[in-house]
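Peer 1: A structural model of the following input is requested.
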Amino acid sequence: MKRPENLLFHSRIEICRILKLLAHEQSPVSAEIMNGHPFASHIVSVDTASNHFAVAYSAHKSINTMLLNSPSAEFTATDLQGLHFSFEAFAPEEVQSDGQPAIQFALPKMLLLHNRREHPHIPIPADISLRCVADAAGFIPFESHITDISHDGLGCLIYDPDIILDEGAILKGSRIIVPNGEAVEADLELRHISMIKLPTGTIAHRAGFRFVQQRDEIAALVDVFIEDLDKK
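Peer 2: Residues are numbered from 1 along each chain as shown. Predicted coordinates for the structure are as follows:
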């Protein structure tokens, strides 16, 4: 199955799995820090117990110092398949890893898989509550968020501007994560797709949608959302 242009992860389990794979492969990781200075290294450890990962020191002492003095850094790693993973990491701290100096960061909150280096930086707005793996049973599963939902089975989907979809497209078996952590599967029909600017200033696609399920199935599904959101 062809991978989508962009795939956004914010599941801690998936982020840890990917970072551990990158560490195992010793995949190169890079970042631009103060005044565009390049940092190049690789991930040496991922500690799920303490919620941290560490990168090896680069060959340049001054660059390492700049990174340690930066509040955050946006990394891009490339795996053995040539896929690129970007993530922002915070709170750098000098540590030792297997007796070698390394720089430790808090685990990233999200990670973007993309098939090219040129990519938008897409923070997730704090008021978005429903994660959706859209088209999970189709050909191009991708991360998205549902911002609105009504009792009559209509809602709004927010997703990456690089993902191109047509009005009328059916996103099959989309997995929607409700606030209690459970997943609800549904087919979504897209309507009225437009480009919007989020409160953060980021550009995104916004699509109205309706559930494709039968009327009684829609009612049961919407009741799950309304009940859980009312409790939130």
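Peer 1: The one helix or strand T65 maps to packs against which elements?
Peer 2: Assessed by DSSP states H and E, T65 sits inside helix 61-68. Under the contact definition 3 or more Cβ pairs under 8 Å, 6 or more residues apart in numbering; DSSP states H and E, helix 61-68 sits against strand 38-47, strand 100-106. C-beta coordinates here come from the backbone N, C-alpha and C atoms, glycine included.
Peer 1: contacts for it?
Peer 2: 31, 33-34, 37-39, 57-58, 73, 92-94, 101, 103 (Cβ atoms under 8 Å, 6 or more residues apart in numbering).
Peer 1: Go through it and flag the buried ones.
Peer 2: Of all the residues in helix 61-68, those buried under the rule 16 or more other Cβ atoms under 10 Å are I63, N64, M66, L67.
Peer 1: Specify which member of the contacts of helix 61-68 is nearest to E182.
Peer 2: In terms of Cβ to Cβ, no member of these lies closer to E182 than A73, at 34.9 Å.
Peer 1: Just the element for the closest residue to the closest one other than its chain neighbours, please.
Peer 2: Computed as Cβ to Cβ, 6 or more residues apart in numbering, the closest residue to A73 that is not its neighbour in sequence is A31, at 4.4 Å. Using DSSP H and E, the secondary-structure element containing A31 is strand 28-32.
Peer 1: Listing partners with orientation, what would you give for that strand?
Peer 2: For strand 28-32, the paired strands and their directions (DSSP bridges) read strand 38-47 (antiparallel), strand 72-78 (antiparallel).
Peer 1: Secondary structure element holding I18?
Peer 2: Per DSSP H and E: I18 is located in helix 12-25.
Peer 1: quick one on the thing from earlier: take the buried residues of helix 61-68 and lay them out in a markdown table including pLDDT and distance to I163.
Peer 2: Formatted as a markdown table, those follow (pLDDT from 0 to 100; distance: Cβ to Cβ, whole Å):
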| residue | pLDDT | distance to I163 |
| --- | --- | --- |
| I63 | 89 | 35 |
| N64 | 92 | 37 |
| M66 | 90 | 35 |
| L67 | 92 | 32 |
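Peer 1: Most widely separated two among the residues you listed?
Peer 2: Of all pairs in the buried residues of helix 61-68, the most separated under Cβ to Cβ is N64 and M66 at 7.3 Å.
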